[in-house]
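Participant: Quick one, fold the following:
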Amino acid sequence: LLVNGAAIGRAVASNKISGGQYVSTMKMEMDAGYIKNSSRQIITETLDFKPVRLELYNKTIQNGQESEVKTVAVFKGKTVDLDTGETKTTVTIDRPFILEGNYFMKELIRNEFRKGTVIRNHIYEPSVDTEEPVLVLVKVLGREDVRIKGKTRNLIHLGFSIENLKNIDSYIDDDGITWKTVITMLNNRLELVLD
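Facilitator: Sure, this is the predicted structure:
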């Protein structure tokens, strides 16, 4: 994990089918000296991309002060039971939505990663809004030569836009392996590079 060019951490992602459901996990560790952060996200969805459970855990240590944030969302159709550790609420979402799991990749594969393809859907993202899903657009921008760790690779460039809050560029190979992801947010450039 690079922030504005400086290596400050690592991330590990896994994706598997367990009990007839997709389970996607992302763990991230960051150490920027005065601030340390560890986060974990677990997404559980059905094989046809219906939301089952979303777990978000975040621990931050800054200037000796430790804080933890936990959010667990359990989905029952349009109803979401939300537990933040401090409060428990139930919300109803009328608009169809998915989780940030496997839907977009399946649709990109189905469209053979053709340049200009745009996939859109609303995802539930409780860190943005607990009651309204956010619109996500994924566009195939074509192939590009990308230099990663001193080697140039010809990769498929995907552009993600999340409700104009963050823009993500992802570079994947023909096997669907992500080699590099760049997140531009709040004047910072975060890069995840395959190790």
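Participant: Can you list the low-confidence ranges for the protein?
Facilitator: Filtered on pLDDT under 70, the chain yields the residue ranges 164-166.
Participant: longest single strand anywhere in it?
Facilitator: strand 134-148 (DSSP state E).
Participant: Give me the buried positions along whatever helix or strand comes next after that strand.
Facilitator: With elements assigned by DSSP states H and E, the helix or strand that comes after strand 134-148 is strand 151-162. Counting neighbours by 16 or more other Cβ atoms under 10 Å, one finds that the buried residues in strand 151-162 are Leu155, Ile156, His157, Leu158, Phe160, Ser161, Ile162. (Each C-beta comes from the backbone N, C-alpha and C, glycine too.)
Participant: Distance to Ser67 added to these, as JSON lines?
Facilitator: As requested, these are exported to JSON lines (distance: Cβ to Cβ, whole Å):
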{"residue": "Leu155", "distance to Ser67": "37"}
{"residue": "Ile156", "distance to Ser67": "38"}
{"residue": "His157", "distance to Ser67": "36"}
{"residue": "Leu158", "distance to Ser67": "33"}
{"residue": "Phe160", "distance to Ser67": "28"}
{"residue": "Ser161", "distance to Ser67": "30"}
{"residue": "Ile162", "distance to Ser67": "24"}
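Participant: coming back round to it: run through who's touching the longest strand of the chain.
Facilitator: The contact list for strand 134-148 (Cβ atoms under 8 Å, 6 or more residues apart in numbering) reads 100, 104, 108, 111, 113-123, 125, 128, 152-163, 165, 171, 179-180, 193-194.
Participant: what's the answer for stretch 179-195, then?
Facilitator: 1-5, 10-11, 146, 148-149, 153, 155, 165-173, 177-178.
Participant: now with 10 Å?
Facilitator: 1-5, 7-13, 26, 28, 30, 146-149, 151, 153, 155-158, 160, 162, 165-173, 177-178 (Cβ atoms under 10 Å, 6 or more residues apart in numbering).
Participant: So among those, which ones count as buried?
Facilitator: 1, 8-9, 11, 26, 28, 30, 146, 155-158, 160, 162, 168-172, 178.
Participant: Kindly provide the distance from the residue positioned nearest the centre of the chain to Ser24.
Facilitator: In the chain, the residue lying closest to the centroid (Cα atoms, centre = their mean) is Glu100, at 5.9 Å. Here Glu100 is placed at a distance of 8 Å from Ser24 (Cβ to Cβ, to the nearest Å).
Participant: what is in contact with the two at once?
Facilitator: With Cβ under 10 Å, 6+ apart as the test, Glu100 and Ser24 both reach Gln41, Ile43, Glu45.
Participant: what sits against the residue of the chain most remote from its centre?
Facilitator: In the chain, counting by Cα atoms, centre = their mean, Gly64 sits farthest out from the average C-alpha position, at 28.6 Å. By Cβ under 10 Å, 6+ apart, the contact list for Gly64 reads Tyr34.
Participant: Distance-wise, check it relative to Gln41.
Facilitator: Taking Cβ to Cβ as the measure, Gly64 falls 26 Å from Gln41.
Participant: ok, the nearest residue to His122 once chain neighbours are set aside - contacts?
Facilitator: Excluding its sequence neighbours, the residue lying closest to His122 (Cβ to Cβ, 6 or more residues apart in numbering) is Pro133, at 3.7 Å. Counting by Cβ under 10 Å, 6+ apart, Pro133 makes contact with 51, 80, 93, 95-99, 121-125, 163.
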